[in-house]
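Chemist: quick one, fold the following:
(2 chains)
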Amino acid sequence: MALVELRNVSKIYHLGGEEIRALDDVSLDIDEGEFISIIGPSGSGKSTLMHILGCLDSPSHGSIRLDGTMIQSATTRQLATIRNRKIGFVFQFFNLLPKLSVLQNVELPMVYSGISGRQRRERAMAALEQVDMANRCKHRPSQLSGGQQQRTAIARALVNNPRIIFADEPTGNLDTHTGEAILDLFRHLSTEGRTIVLVTHDPEIAAVTPRRIEIRDGKIAEKLDLTLAGLSPKGARVPHEAGGAETQGS
Amino acid sequence: MQLLNTIVAGFKEIWAHKARSLLTMLGIVLGVASLVGMSALIKGMENGMKESMIAMGGADKVLIREEDVPPDQEHLADQAPGRTMYDVIGLRESAPLLRLVSPEMRVNGAMITRGDKATWPSECVGVWPAVLEMNLHTMGHGRFFSDIDEEEARAVCVIGTGIRDELFGSPEEVGHEIIPIGETIQIRGQPFTIVGMLTHYESEEERREREARANAPKQEQAGPQRRRGWGRGNWAFWRKNTTVYMPLNTSYIRFRAAGDRDGIPDWRLSDIDIKVRDMGVLEPALQQARNVMMVSHRGIEDFTFQTQENNLDQINTQIRNTRISGGTIAGISLLVGGIGIMNIMLASINERIREIGIRKAVGASGFAIFSQVLVESLVIALLGAAAGVVASYGMVWLLAHITPTGNLPVITPFALIVAVCFSAFVGVVAGLFPGLKAARLNPIEALRYE
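Modeler: A predicted model of the protein is given here:
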């Protein structure tokens, strides 16, 4: 059984009487441990897909199963708990709370899962060490560089040991060099067995992941646009352990 | 645990916007201070009224009042006898449930003079010795009238200290207390010998003030001596101190028998006061008194009984009304404070839409967001209430100094508790709407919000 199962999911918005199909009959499986990218131009529906996968939004039609739980029928409260326990988010604009220190930011998800203060600190420090930010734990986000902020955000996404991590344009606000470092970090996390979904419009970034899904006009593109996916025409899917992404990234 | 975190977060948020939070709290501070101050004033008033109540003769005193005859006796109105000594003798002899009967005959227009000094007493009446117990008087100096004084209608009088102050000089002015026993004063031009003086009556507060003045160094007064007017001190005590009593017969023979009303002797009494044996038998005693008086009035009911209970009811009604109007005003100011909190909470969550989005994305439930806003609002209200309690002591101190001769305001713990509870309630109500608004934010839109 896949970690995430999407079946015939549609998301329809109504704007002034006009019907907009942001997602149109999408079916998708994501297995545990996969490192996958969702690519598509802006307005293609990739963000909507990520929001639905990440339990921030619910679909108009179709069913989703995340780690054995049916999402489309969950209440907002249950969704909040699922986001808290099973999902980690990394955003383009980092989205750290400016008034809290790095450590407190990383502790934040655990505050909402009711973990005691001492345990929170230990686990937050462990997560910060994973992203090499432990020495900055007392700093405010505003005192950090973009790359450091994004590392903090990744630590926050990791800290509750989620089943799946969603990263929405995680390098979009960083320079190339720092962006590569962040991608390396994701790759490293992937090798540790984390399930990571990378959402991007940039084929070069998508090239890092072994599996890519292209969204166009709210649908999963039947045939992968190879140039857009940043692939050589040799194969659409590179085996996970082969490290194909690394060769293509360089 | 969760709650503690939320409270700590609330405090941090308030600390992060010190000036704003302080201004918001100010509304609650003023509301609490005015609520407590108001109730302290009313409590002071209540205490003063109770003191006056006792000064007026206690709760068991019943006044027999003159009243218009009932409608079905309209044709007998001109035969109404009024209250006379027949009633008094009848009540004394035939109403065993009464403990005390005290007739009073007022001397109208009684100006009292001595040399070039003149004064008008609050009451100048002819009485029986029963009046002492009736009006809770204590002899300070000299004696009260004897039966011989009464019998022979002697020109003797007993005065209150207020009359002494006006005619002979008060202890404050003279420096020592003058006891004018044996002196002669003129009542409506007729010489009377003072045989006794009542003690000085004053409220607790007046006594404190007088002692404070006595201890303070004496100030040289510029200009002419100012008269002591009506406004000074408690009315009931002032009234009691400016009393002049003379034997009942004296007042009748010297001021009424020779023709008070167009040459016709007026033997009607101006007052009959009675006291019942026991407050428990008040109803039957009044019935008894009524029966007696119906006989002496030949069935014409031109009188009524006024118990101090009525008076007490009146006082209580007055206090309740003041309490309601004052409480409403103070309550409104607290509500305004609450609206201030709500306003700030709305502004604050508008500023923090993105933060709320982030918190929701990492797993905060709507309830967690809601309770955070609510706790923040409650913390502001309670901090304000705490400051308000302190401020109310300052306010009451100020009030006590602005109105030195009024009743001393008294802060009651009950008022403090009510004020704090009410501001907590206001804080919760003010947090409800902003809290719900924050809890219902869509996380995706909140995250996109710039």
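
Chemist: CA atoms for contacts and neighbours, from now on please.
Modeler: Noted.

Chemist: what mean pLDDT does the longest helix along chain A have?
Modeler: In terms of residue count, the longest helix belonging to chain A (DSSP state H) is helix A:176-191. On average, the pLDDT along helix A:176-191 is 88.

Chemist: what about the helix or strand following it, average pLDDT?
Modeler: Next helix or strand after helix A:176-191 toward the C-terminus (DSSP states H and E): strand A:196-200. Strand A:196-200 shows a mean pLDDT of 89.

Chemist: coming back round to it: can you give me the angle the longest helix of chain A makes with strand A:196-200?
Modeler: 150 degrees (axes from the mean of the first three to the mean of the last three CA atoms, to 10 degrees).

Chemist: need the residues of chain A near chain B, please.
Modeler: Taking CA under 8 Å from any CA of the partner chain as the contact definition, chain A meets chain B at A:51, A:56-57, A:76-77, A:80-85, A:88-89, A:95-97, A:108-109, A:111-114, A:116, A:157.

Chemist: can you tell me which of those residues are classed as buried?
Modeler: Buried members of the residues of chain A next to chain B, counted by 16 or more other CA atoms under 10 Å in any protein chain shown: A:51, A:56-57, A:76, A:80-85, A:88-89, A:95-97, A:108-109, A:111-113, A:157.

Chemist: quick one: pLDDT of B:Met111?
Modeler: pLDDT at B:Met111 comes out at 90.

Chemist: ok, B:Asn316 to chain A distance?
Modeler: Distance of B:Asn316 to chain A, given as CA to the nearest CA, to the nearest Å: 54 Å.

Chemist: in space, what's closest to residue 31 - neighbours in sequence excluded?
Modeler: With no chain named, the answer covers chain A. A:Ala2 (4.6 Å; CA to CA, 6 or more residues apart in numbering or on different chains).

Chemist: should've been chain B
Modeler: Closest to B:Gly31 by CA to CA, 6+ apart is B:Leu334, at 4.2 Å.

Chemist: tell me which stretches of chain A form strands.
Modeler: A:4-15, A:18-30, A:35-39, A:61-66, A:69-70, A:87-90, A:164-168, A:196-200, A:211-216, A:219-220 (DSSP state E).

Chemist: quick one: secondary structure of whatever residue of chain B ends up closest to chain A?
Modeler: Residue nearest to chain A within chain B: B:Gly363 (3.8 Å; CA to the nearest CA). For B:Gly363, the assignment made with DSSP: H, G, I helix; E, B strand; the rest coil gives coil.

Chemist: what residues are up against it?
Modeler: A:80-85, A:109, A:112-113 (CA atoms under 8 Å, 6 or more residues apart in numbering or on different chains).

Chemist: now B:Leu91: how far from B:Arg65?
Modeler: 15 Å (CA to CA, to the nearest Å).

Chemist: of the two, which one has the most company?
Modeler: B:Leu91 (23 against 16; other CA atoms under 10 Å in any protein chain shown).

Chemist: so where do the strands sit in the stretch 101-250 of chain B?
Modeler: Along the stretch 101-250 of chain B, counting by DSSP state E, counting those that start in this stretch, strands occupy B:112-114, B:117-119, B:123-127, B:139-142, B:156-159, B:184-187, B:190-198, B:243-247.

Chemist: with mean neighbour count and distance to B:Cys421 as added columns, please give the ones you listed in a markdown table.
Modeler: A markdown table is the format used below for those (neighbours: other CA atoms under 10 Å in any protein chain shown; distance: least, CA to CA, whole Å):
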| stretch | mean neighbour count | distance to B:Cys421 |
| --- | --- | --- |
| strand B:112-114 | 20 | 57 |
| strand B:117-119 | 15 | 53 |
| strand B:123-127 | 24 | 49 |
| strand B:139-142 | 15 | 50 |
| strand B:156-159 | 24 | 53 |
| strand B:184-187 | 20 | 60 |
| strand B:190-198 | 21 | 49 |
| strand B:243-247 | 27 | 49 |
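
Chemist: I'd like the ones you listed as a markdown table, with distance to B:Ile315 appended.
Modeler: Shown next, in a markdown table, are the strands of the stretch 101-250 of chain B (distance: least, CA to CA, whole Å):
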| stretch | distance to B:Ile315 |
| --- | --- |
| strand B:112-114 | 33 |
| strand B:117-119 | 31 |
| strand B:123-127 | 23 |
| strand B:139-142 | 29 |
| strand B:156-159 | 29 |
| strand B:184-187 | 35 |
| strand B:190-198 | 27 |
| strand B:243-247 | 24 |
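
Chemist: can you list those in CSV and add distance to chain A?
Modeler: Formatted as CSV, the strands of the stretch 101-250 of chain B follow (distance: least, CA to the nearest CA, whole Å):
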stretch, distance to chain A
strand B:112-114, 82
strand B:117-119, 77
strand B:123-127, 76
strand B:139-142, 76
strand B:156-159, 79
strand B:184-187, 86
strand B:190-198, 76
strand B:243-247, 75
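
Chemist: check chain A for the residue nearest chain B and tell me.
Modeler: A:Asn84 (3.8 Å).

Chemist: tell me how far the closest residue to that residue other than its chain neighbours lies from A:Gln150.
Modeler: Excluding the flanking residues, the one nearest A:Asn84 by CA to CA, 6+ apart is B:Gly363, at 3.8 Å. For B:Gly363, the distance to A:Gln150 equals 19 Å [CA to CA].

Chemist: with B:Asp149 instead?
Modeler: Distance from B:Asp149 to A:Gln150, counting by CA to CA: 108 Å.

Chemist: now do the spatially most central residue of chain A against B:Arg154, distance only.
Modeler: Taking CA atoms, centre = their mean, the centroid of chain A lies closest to A:Phe166, which sits 1.1 Å from it. Relative to B:Arg154, A:Phe166 is positioned 112 Å away (CA to CA).

Chemist: please apply the same query to B:Phe414.
Modeler: Using CA to CA, which is the criterion applied here, B:Phe414 is 56 Å from B:Arg154.

Chemist: between those two, who's got more neighbours?
Modeler: It is B:Arg154, of B:Phe414 and B:Arg154, that has more neighbours when counted by other CA under 10 Å, with 21 against 11.

Chemist: per-residue confidence for that one?
Modeler: Taking B:Arg154 on its own, its pLDDT is 92.

Chemist: name all residues that make contact with the closest residue to it other than its chain neighbours.
Modeler: Spatially, and ignoring its direct neighbours in sequence, B:Arg154 is nearest to B:Thr250 (6.1 Å; CA to CA, 6+ apart). B:Thr250 is in contact with B:126, B:150, B:152-155, counting by CA under 8 Å, 6+ apart.
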